[in-house]
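**Q** structural data only, the sequence is not supplied:
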């Protein structure tokens, strides 16, 4: 997937703004993911599945992500997040 220079700059800005909020222990793995996958470094948890590799996640992992704990998918390695409905 190719992005134009303006869109790429937007992604880089969003990443730079998010990094200070990350726990120090995951900054290095997070940067490695961003370098490898770009915007696809994060994967939304959709119900009980990773939206990147579509593997069903254990219920405990889903609960931890929902609680705001930093978790990586055991299959694809993406940083998991859950969308917060407004």
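**A** It's in. What you see is a predicted model; the values in this text were computed from it and never measured.
**Q** which ones are touching the residue sitting nearest the centre point of the chain?
**A** With distances taken as C-alpha atoms, centre = their mean, the chain has residue 42 as the residue nearest its mean C-alpha position (2.1 Å). With contacts defined as C-beta atoms under 8 Å, 6 or more residues apart in numbering, the neighbours of residue 42 are 33, 78, 79, 80, 81. Just so you know, the C-beta spots here come from the backbone N, C-alpha and C atoms, and that holds for glycine as well.
**Q** not counting sequence-adjacent ones, nearest residue to the second one?
**A** Closest residue in space to residue 78, ignoring its immediate chain neighbours: residue 43 at 3.7 Å, by C-beta to C-beta, 6 or more residues apart in numbering.
**Q** re the thing from before, just the buried residues of the contacts of residue 42.
**A** Those of those that meet the buried threshold are 33, 78, 79, 80, by 16 or more other C-beta atoms under 10 Å.
**Q** residues in contact with residue 26?
**A** 70, 79.
**Q** over to residue 13?
**A** The contact partners of residue 13, taken as C-beta under 8 Å, 6+ apart, number zero.
**Q** any idea whether it is helix, strand or coil?
**A** helix (DSSP: H, G, I helix; E, B strand; the rest coil).
**Q** against residue 42, how distant is residue 72?
**A** For residue 72, the distance to residue 42 (C-beta to C-beta, to the nearest Å) stands at 10 Å.
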